[in-house]
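Chemist: dropping a prediction and its sequence here:
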Amino acid sequence: MVHVEARAAGRVSVFRLDRPRARNAIDGETAAALESWVRGLDADPEIWMGVLSASGPVFCAGADLKEISAGRLDSLSTAAGGFGGITRLARETPLVAAVDGPALAGGCELALACDLIVASEQASFGIPEVKRSLIAGGGGLIRLPSLLPQRIAMELALTGSPIDARRAYDLGLVNRLVGDGDAEAGAVRLAEEICRNAPLAVRASRRLVVEASTVDHERLWELSDAASRAIELTADFAEGPRAFMEKREPVWTGR
């Protein structure tokens, strides 16, 4: 077994990397399963959030070196999703990474591909590829400069040395810091908090935040206006004010 999928309480799906003896390294089967999971989230109206977690003391050590040694490097990526099946995958469902242990190389890039990160005190993050005459080609060199101060991103890229969870939290790379062994539970709690909001508005908001790093301001205003008009046509748009006036919690339908 390379992974475990579970339905948490409510509308949260959990994907747990489950190759602890291999430090949860990514092989071809895992990459394909990850892409399939994310596509399934987008297709399932009953699931509003995903949590990417892992079994064992390591979140993910990156690429499975046995696969690389056997000449199967290409199998660690999917055509649409890139490395691990998700680092380049277009999607709508927000993802939370639950990092309880080292997230290194491609493992760090999997965490960075998620929208939010919950980490335990024993977590660490690094892209050590330069130590092996490689580059972090799964998005690490693209995402880190937009998430961290430029000189910190440069330090990680050029030294290959990791930073611990506390420093990652202080720098804003990690959203929530929790106790050892509590990363998955903490990530589910964060996901459930988000699920209390209107799902279509959450997805539209996520989309605009993602676009903000690559699209000019004029285009962003256009996208924001279009998203607002689309939300105004939904049943949930009417439910929000109605629930407020009736002094009750809203009942979202995702429609």
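Modeler: Arrived safely, thanks for sending.
Chemist: let me see the contact set for residue 141.
Modeler: 127, 135, 157 (C-beta atoms under 8 Å, 6 or more residues apart in numbering). All C-beta spots, glycine's among them, are computed from the backbone N, C-alpha and C.
Chemist: can you tell me the SS state at it?
Modeler: Three-state assignment for residue 141 (DSSP: H, G, I helix; E, B strand; the rest coil): helix.
Chemist: do residue 98 as well
Modeler: Assignment for residue 98 (three-state DSSP): strand.
Chemist: from what I see, it and residue 184 are in contact.
Modeler: Yes: taking C-beta atoms under 8 Å as the definition, residue 98 is a contact partner of residue 184 at 4.3 Å.
Chemist: mind listing what's buried along the lowest-mean-pLDDT helix or strand in the chain?
Modeler: The weakest-scoring helix or strand in the chain, judged by mean pLDDT, DSSP states H and E, is strand 3-7 (a mean of 74). Buried positions in strand 3-7, judged by neighbour count with 16 or more other C-beta atoms under 10 Å: residue 3.
Chemist: do the same with stretch 35-51
Modeler: For stretch 35-51, a neighbour-count test (16+ other C-beta under 10 Å) marks 35, 37-39, 41, 47-51 as buried.
Chemist: I'd like those as a markdown table, with pLDDT and distance to residue 212 appended.
Modeler: Conversion of those to a markdown table gives the following (pLDDT from 0 to 100; distance: C-beta to C-beta, whole Å):
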| residue | pLDDT | distance to residue 212 |
| --- | --- | --- |
| 35 | 97 | 25 |
| 37 | 96 | 26 |
| 38 | 97 | 22 |
| 39 | 97 | 25 |
| 41 | 96 | 23 |
| 47 | 96 | 25 |
| 48 | 97 | 22 |
| 49 | 97 | 21 |
| 50 | 97 | 22 |
| 51 | 97 | 24 |
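Chemist: now, the residues you listed that are in helices?
Modeler: Judged by DSSP state H, helices contain the following of those: 35, 37-39, 41.
Chemist: identify, from the residues you listed, the entry nearest to residue 77.
Modeler: Comparing these against residue 77 with C-beta to C-beta places residue 35 closest, at 9.5 Å.
Chemist: verify the stated contact: the closest one with residue 87.
Modeler: No: the criterion here is C-beta under 8 Å, and residue 35 misses it with residue 87 at 10.1 Å.
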